[in-house]
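In: Predicted model, plus sequence, below.
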Amino acid sequence: MIGVLQCVVLDCPEPGVLAEFYRRVLGGEVDRPDRRWSVDDDWSTLHTGGGVVLCFQRVGDHSPPDWPEPGQQFHLDVGVEDLDAAGAEVLDAGGRLLDGSNERWRVFADPAGHPFCLVRE
């Protein structure tokens, strides 16, 4: 083993806004003190209940992926029991639906345009 994964970092124009969006989707604590980094207007974090840390880094010229074009680098899969209810909450939190054509999963974009999937458990 070379190292240990500290976090997953998403580039975005507004780190605090995106951290709060994912807190609504995944739960957890935004900008919890952590010796590994400091938070400010350019860096925000979300410590999830499952131990994963998502970090959000300000990028001034951020350009979101264009779903479903092949330029996408990665996406998050979020397991849910009820796709309809979870999808409504994502929309209410500021996300937008990209593809709702599948019965087992739906593709959404977060407020910065990153695609992620809600997947029926």
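Out: Cool, got the structure.
In: Please count neighbours and contacts with C-alpha atoms only from this point.
Out: Will do.
In: secondary structure class for the spatially most central residue of the chain?
Out: Taking C-alpha atoms, centre = their mean, the centroid of the chain lies closest to residue 22, which sits 5.2 Å from it. Classification of residue 22 using DSSP: H, G, I helix; E, B strand; the rest coil returns helix.
In: can you pull the contacts of residue 16?
Out: Taking C-alpha atoms under 8 Å, 6 or more residues apart in numbering as the contact definition, residue 16 lies against 41, 43, 44, 56.
In: just the CA coordinates of the helix or strand residue 86 falls within, formatted as CSV?
Out: Using DSSP states H and E, residue 86 sits in helix 83-93. Taking Å, rounded to 0.1, in the frame of the first residue of the first chain, the C-alpha atoms of helix 83-93 are listed here in CSV:
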residue,chain,number,x,y,z
LEU,A,83,-36.2,6.8,-6.1
ASP,A,84,-39.2,9.1,-6.4
ALA,A,85,-38.9,10.4,-2.9
ALA,A,86,-35.1,10.8,-3.0
GLY,A,87,-35.3,12.4,-6.4
ALA,A,88,-37.8,15.0,-5.2
GLU,A,89,-35.5,15.8,-2.3
VAL,A,90,-32.5,16.2,-4.6
LEU,A,91,-34.5,18.6,-6.8
ASP,A,92,-35.6,20.5,-3.7
ALA,A,93,-32.0,20.8,-2.6
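In: If you count neighbours, what's buried in it?
Out: Using 16 or more other C-alpha atoms under 10 Å as the test for burial, helix 83-93 gives 83, 86, 87, 90, 93.
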